[in-house]
Every structure is written in structure tokens, then in C-alpha cells.
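Peer 1: A structural model of the following input is requested.
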Amino acid sequence: MLNSIKVSFRDSFIYGLGNISVKVIGFLLIPLYTDPKYFSVDDFGIIALLDISGIVLISLMASGLPQSLMRWYWDNEFKDNQKGIFFMSVTNQVIVSLSFCVLLIPFTNQISTLIFGNEGWSNALKILILSTALQAVNNIVNSLMRIQSKAMLFSVTNFIKLAVVLLLTVYLIVFRHAGVKGIYIAQAAGNLLFLI
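Peer 2: Got it, this is the predicted structure:
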């Protein structure tokens, strides 16, 4: 019993560090995002709108699949088919994510006009949609690591992803002058690296 409590506290601490590290990276990027040399005040507002759009998209794309994986993975009735449950969860998430990409990417000019009043942010929206689709699949993999109590693997893989996103974001903005698109290219690359 005492060992279970220790493991629970340790795992909670490790998973909590993962959540905090995302916020720390966002905090570290504030000076870059607010530097007028790289972003205007309008760009900062666009980043906020794109981030909110990404949050809405991820909640629509995920559609409860990580939670259903957590629910059914350890169910006594399906204990012999855990790999099948994970495979079906990943397959369904890939299908849902691809469907969103196929449905939304062709209309990014119209979405950009609707949200921003012009088509200038169409490419950033395409990258955001792709990044969000990859993140939805990553959520399934993260859920499996949590279910299997692989806290160290969870932390290491997520830390590597966050470090890549941070370094690539800085590189794309400072050295490649990619602007807002650079943020979402870095996120897409980090999510793709995580899946690989």
C-alpha cells in the first residue's frame, strides 16, 4: 500500500513537471514574442487568435479518444486485447485528424478572411491545422504512457519535444525571420519528431 502511494506521488510529480515545462517554455518565449524587431502588436494578437483556434481544433479532433483509451485499456473484459485497443485508438485518431486536415486546409483562405479580414494568414492556418492534427495523435501516445505508468519515458520524450520546439522557434524567428509561421512550423516539427 505504501509503495503504491509512493509510486503515485512520484508519477504525479513527473507528469506535473511535464505540464509546468510547457508553461515555462511559453514564459521563456515572451521576450521574443513581444520584441518589436520580430513581432508587431498585431502579430501578437494574431498569435493569440491562432493559439485559441488551435485549442478549439484539438478539442474537436481529440473527440474523447484519449479518455476512451484510458477507460477501456485496463477493463477486465478487454485485458487480453490491450494492443488492439491502442491500435484502434491510434487508427481512429489518425483518421479523424486526416479528415480535419482534408476538410479544413482547402478552405484556409476563407477561414483566414473570416477570422483576420484577409487571406494573408492562410499558410499559418495550414501549418496550425497540421500541427494540431499531429498533437491529437500524440495525445493518444501520451495517454498510453500514462496508463502504463511510464512516467520517465513520458517526461523524457515530452522534454525532448519541448526543447526541439523551443530551439526551432527561436531559430526560425530570429535567424530565418519566419514570423508567426515559424511558431507553428516549430510546433508541427516537434509533434512529428515525438511521433517518430
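Peer 1: going forward, measure contacts between C-alpha atoms and count neighbours the same way
Peer 2: Fine.
Peer 1: Need the residue closest to the centroid of the chain.
Peer 2: By CA atoms, centre = their mean, the chain has its centre lying nearest to residue 135, at 3.5 Å.
Peer 1: Show the contacting residues for it.
Peer 2: 58, 191 (CA atoms under 8 Å, 6 or more residues apart in numbering).
Peer 1: List the buried residues for the helix or strand of the chain at the bottom of the mean pLDDT ranking?
Peer 2: In the chain, the helix or strand scored least confidently by mean pLDDT, DSSP states H and E is helix 2-33, which has a mean of 77. Buried residues in helix 2-33, counted by 16 or more other CA atoms under 10 Å: 11, 14-15, 18, 21-22, 32-33.
Peer 1: Check the offset of it from the chain's centre.
Peer 2: The chain centre lies 15 Å from the centre of helix 2-33; the measure is CA atoms, centre = their mean, to the nearest Å.
Peer 1: rewinding a little: okay, the residue nearest to the centre of the chain and residue 39: tell me how far apart.
Peer 2: 25 Å (CA to CA, to the nearest Å).
Peer 1: ok, so what distance separates the residue nearest to the centre of the chain from residue 110?
Peer 2: Note on residue 135: its distance to residue 110, by CA to CA, is 24 Å.
Peer 1: What is the nearest of the buried residues of helix 2-33 to residue 74?
Peer 2: Of all the buried residues of helix 2-33, residue 11 has the smallest distance to residue 74: 18.0 Å, by CA to CA.
Peer 1: Show me the strands in this protein, by range?
Peer 2: For the chain, applying DSSP state E gives no strands.
Peer 1: list the helices and strands the least confident helix or strand of the chain packs on?
Peer 2: For helix 2-33, the contact count by 3 or more CA pairs under 8 Å, 6 or more residues apart in numbering; DSSP states H and E identifies helix 151-170 as packing neighbours.
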